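>>> test case, fold it:
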Amino acid sequence: MKLYRPKALILVALAVFTLHMPCARAADEGAGTTPAPNPQAGDKAFLRECTVARGIRRRLENDLAAVRAALKGVPAQQDLEASCAAIEDDIAKLPITSPITKSAPSTAHDLTTEFPINKLQERIFAVQAALWRAKGLKAITLWQKNPWDRVSPTELPRSDGAKIVVQMMCNEFRSAAFNISNAGETVASVSLSIEGLPGGVNPESITVHAGTFTDTKSGVPVMAALPLANRECAEYGARRVVGGYLFEIHPGLTRQVWLTFNSRDVAPGEYGGTILIQPGALQVSVAWKVYPLTFPDRPTLHLGGWDYTSEYSDRGVTPENKAALIRHLREHFVDTPWAMGDVLPTGEYDQDGRMVKEPDAGNFERWVRLWPDARNYYVALGGLDGSFCGLKMGTPPFQKAVASWITWWANKLKAWNIRPDQLGLLLGDEPDALPQSEEIIAYARVIRAAQPQVVVWEDVTWLKPWEAPPELFTLCTVLCPNLNIWIEQGKRYADFYLRQCDEGRQLWFYSCSGPGQLLDPYSYCRMQSWFCWKYGARGSCFWAFGDTDGASSWNEYLAAGPGAYTPFFLDDKTVTPGKHMEAIREGVEDYEYLHMLRDRVAELENAGKKGEALDSAKRLLASAADRVTASVTKDSARKWAAPKDRSVADAVRVEVLEALMNLRNL
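Model prediction:
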C-alpha cells in the first residue's frame, strides 16, 4: 500500500510510442479524420487519444487472433477466414487518434471499454458466433461455471444448461450466476423473470446484475463489472409497471446473469423457483434454502480500504460519486473508514512545546458526519520528519507538543461520543528500514504514553522483522502485515507476528497487489478473511477503495500506472458493483460463520455438554481455514488466471451451517 504513489510520467511515455506509431487513414466506419495536433507541442488531449487508440487496436488484434486460432481445424471455414482477413485490413487502417466507438464519444475520456467496444469488435465476435453455430450451439445458450471462475470472451460455451443453488442464513448476502451466450446472427434482446420464490415474481430479495466484459490496462479482458440489469417498463396511463430483466447480447458474446440473494426479509425454509428466459422459453431452476439462523447486522471482522472519503483526490473520489461510494462501502460491511492527515491538524506551539493555537476540527467533524456509525476512524498521517511543528524530534518540547496534540484530539472526540480507542493512527506507511522506523518509534512513544487508548496501527514491511527495532512492534496497538509477504516469507515470519499477538498486539492483514481487475476475487479478496480466521486477525484492509489509478474503471487505457485498484467500478460520477467487492463481503460473512460456530462450541463446553455433534464441530473449526486456504501458497496463486477449485469456501461454509444446526438443541 502506498499513500503517496507518484504519478506516472505518462506524457513522456505516450509521446515515445506515439512517435513510433504509423499514421493511417481512418477506416470507413464513421471514424472521421480529425487533424492530429503536434504531440511535441505537449497536447495532452492528443496523447490521451493516442493511448486509447492504441489500447483499442491491441484489443482488436488480440480478439481477432483468438478467433482465428479457434477456426483452425474446423473444416470448410474459408468464408470466416476471409471475413477475418477483411477485419485485419480494416484494423490496419485505424487512425492513431479519434478511435471508432459504438457510442461515438467526443473524447477519449468518455470512452467505455465495455464489449463490444466498436463496430470492428462486433465483426470479430460475429465471426465467433458463426464458429459457435458450426460447432452446434443454439442461438441462445445457457451455461455455467463457478461464479468466481474467470470467464473469457473467446471460450466456447458449454451446452449443459444451468441451475442455481443457494444456501444461507437469514439476514445475509450470497451470490450465484449463470451465463447467456449468443450464437445467433443478430443482437439478442433476452428477457428474464424470476418466479416461484418468496416475494412474488422478481422479488426484491434478489438483485439481478448484468455481468459484462471490459478491457484492462494490461490488455486482458475481464468480466468483473456487475451493473444492475435493466428492467422492462410499461406505461398504463398514470401507472408504470416494471417487469422482467433485459439483457442485450451481441453475436458471439456472453453476458453473465449475476444474482445477489439477500435473505433479510425471507423466512427460513426451502424454496424452489424458476428463472424464465425468452425467447426460447428457456428455464433455470432455483433451489434456495434459508436456514433458521440469523446473521448479525454488524459482523465481527473489521474492514477498511483507504477510501479517503474525507477529501477529494485524483485517486477517484469526487463530489459527484462520494455519497454513492460511501453507501456502497457501508452495504459491504466497511466499518473502518480512512482519512488523510488533514483531518487531524496540529495547531500551533511555542518553542517550549505549549499549544498556543488549537487545531481546526472542521475537517474531522465533516468526515465523521459521513460515517456516523463507523466502529473505527483511522487516519494515515504520513509525511513524518525529524520535527513536529518545527520542534526537533526526541526533545522535551517535541514530546510536550505531540502529547498536547493527541490529548486535545482525544478530548475533542469524546465530545462527539467517539472513544479514544476508535481513533487509529498510521504514523508511517510500510516502514521497512531504520530511518522511517525510528521516526515512527519517536512519535509512538509519546502518543502511547499520553493517550494509551489511541490506536497506533502499522503496516510494517520489514522482510526480516526480527532485525527491526523491537519498539516498532511493541509500541503498536495493531500490526497489519501484508498478506502476500506473510504467505511468501514462510513460517519464521508468521511466528514472529504470532508472538507479537501473544504479547498483546492485535493482528490485521492488508493486501495491495495490482492491477486489481486481474486479481482473483476468490483467492485474493474472499480468501483474505479466511486467512484472518486462520491466524486470529481481527481486521482486513485492501488498497484501495478509492484508487482508480487516475482513470475511470470503465477505461483503464488512461490509467497512470497498471490500472485501477478498486474492487468495484468507479468513475467520476458513479459506483457500479464488481465481483471483487462482492467477494470481500462474502469473505467477511464466511469469517462470521466460523466465529458463530466457535462461540456456540465454547458455550456448550462451558455448560458441560458432550457428544459427537460437538466433537465434529470442533474438528471442523480446526480444519476449515486450512482446507480453504490450501490453494494459496504464493502470490501468483492469487491471480485470476491461476487454476484452482473455487468451490471449496462455499462447501466448507455449508458444513459450518450444518454444524450450527446440529448444535442448536444441545
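>>> contact partners of the helix or strand hosting residue 487?
Assigned by DSSP states H and E, residue 487 falls within helix 483-489. Contact with helix 483-489 is made by 461, 463, 493-494, 497, 509-511, 513, 528, 531, 632-635, 638, as judged by CB atoms under 8 Å, 6 or more residues apart in numbering. Every C-beta, even on glycine, is put in place using the N, C-alpha and C of the backbone.
>>> which intervals of the chain have sub-threshold pLDDT?
1-42, 98-109, 234-242, 312-314 (pLDDT under 70).
>>> what helices and strands are in contact with the longest strand along it?
Ranked by number of residues, the top strand in the chain under DSSP state E is strand 282-294. With contacts taken as 3 or more CB pairs under 8 Å, 6 or more residues apart in numbering; DSSP states H and E, strand 282-294 sits against strand 140-143, strand 163-170, strand 269-278, helix 648-662.
>>> make CSV out of the ones you listed and add distance to residue 540.
Compiled in CSV, the helices and strands packed on strand 282-294 are given as follows (distance: least, CB to CB, whole Å):
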stretch, distance to residue 540
strand 140-143, 33
strand 163-170, 20
strand 269-278, 32
helix 648-662, 15
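>>> go through the ones you listed and name the closest to residue 285.
strand 163-170 (4.8 Å; CB to CB).
>>> show me what that closest one is in contact with.
Residues contacting strand 163-170 (CB under 8 Å, 6+ apart): 144, 174, 176, 178, 259, 261, 263-264, 266, 268, 275, 284-295, 654, 657.
>>> show me what the helix or strand following it packs onto, helices and strands only.
Downstream of strand 163-170, the next assigned helix or strand under DSSP H and E is strand 173-182. Secondary-structure packing of strand 173-182 (3+ CB pairs under 8 Å, 6+ apart): strand 140-143, strand 163-170, strand 239-249, strand 254-262, helix 579-606.
>>> what's the angle between strand 173-182 and strand 254-262?
Calculated by axes from the mean of the first three to the mean of the last three CA atoms, to 10 degrees, strand 173-182 forms an angle of 160 degrees with strand 254-262.
>>> now residue 427. Nearest residue, chain neighbours left out?
Once flanking residues are discounted, residue 427 sits nearest to residue 440: 4.6 Å by CB to CB, 6 or more residues apart in numbering.
>>> what is the burial count for that neighbour?
Residues contacting residue 440 under the criterion other CB atoms under 10 Å number 25.
>>> can you verify it is assigned to a helix?
Yes. Counting by DSSP: H, G, I helix; E, B strand; the rest coil, residue 440 is located in a helix.
>>> was I right to think it contacts residue 431?
Yes. If you go by CB atoms under 8 Å, residue 440 and residue 431 touch, sitting 5.8 Å apart.
>>> need the overlap of contacts for those two.
The contact lists of residue 440 and residue 431 share 458, 472, where a contact means CB under 8 Å, 6+ apart.
>>> ok, now which ones touch residue 212?
114, 115, 223, 225, 227, 255, 256.
>>> give me the three-state assignment for the closest residue to the last one other than its chain neighbours.
Right, residue 256. Of all residues not flanking residue 256 in the chain, residue 211 sits nearest, at 2.9 Å (CB to CB, 6+ apart). Here residue 211 is recorded as strand under three-state DSSP.
>>> distance of residue 211 from residue 175?
From residue 211 over to residue 175 the distance is 11 Å, taken as CB to CB, to the nearest Å.
>>> repeat for residue 146
11 Å.
>>> tell me which of those two has more neighbours.
For residue 146 versus residue 175, the count of surrounding residues by other CB under 10 Å is larger for residue 175: 20 against 13.
>>> kind regards, and thank you for your time.
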